[in-house]
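Novice: Sharing a sequence plus its predicted fold:
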Amino acid sequence: EACDVRDTETLLTVADVARLRGVTPGTVRSWVNRGKLTPATRDDDGRNVFHPTAVAALDTPTATPPATPSQMEGGYA
């Protein structure tokens, strides 16, 4: 069954996400701007709201860890 994005009771605000993740609301907005977190929609006041599953996905690594200097071309350890 599809989730109705208008059901804002199940969606999280920037403040909710910040509280759950232990970061500031500015950090959450930065994640949105950098494409790390995608809003589900906007609420009636025009603010971003997020599906809990999208917030939970922040725990799932989507990229390989950064290379250490010894792994970089020409790098020295």
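Specialist: Okay, I see it. Residues are numbered from 1 along each chain as shown.
Novice: In this protein, what residue spans correspond to strands?
Specialist: Taking DSSP state E to define them, one finds strands in the chain at 12-13, 41-42, 48-50.
Novice: tell me the mean pLDDT for stretch 49-62?
Specialist: Taken as a whole, stretch 49-62 has a mean pLDDT of 86.
Novice: Neighbours of the closest residue in space to residue 49 that isn't next to it in sequence, how many?
Specialist: Closest residue in space to residue 49, ignoring its immediate chain neighbours: residue 11 at 4.0 Å, by C-beta to C-beta, 6 or more residues apart in numbering. Glycine gets a C-beta too; all of them are placed from N, C-alpha and C. Residue 11 is flanked by 21 other residues according to other C-beta atoms under 10 Å.
Novice: For this protein, just list every one of the helices.
Specialist: 14-21, 25-33, 52-56 (DSSP state H).
Novice: Present those as a markdown table; the columns should include mean neighbour count and distance to residue 43.
Specialist: Shown next, in a markdown table, are the helices of the chain (neighbours: other C-beta atoms under 10 Å; distance: least, C-beta to C-beta, whole Å):
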| stretch | mean neighbour count | distance to residue 43 |
| --- | --- | --- |
| helix 14-21 | 17 | 10 |
| helix 25-33 | 15 | 14 |
| helix 52-56 | 13 | 15 |
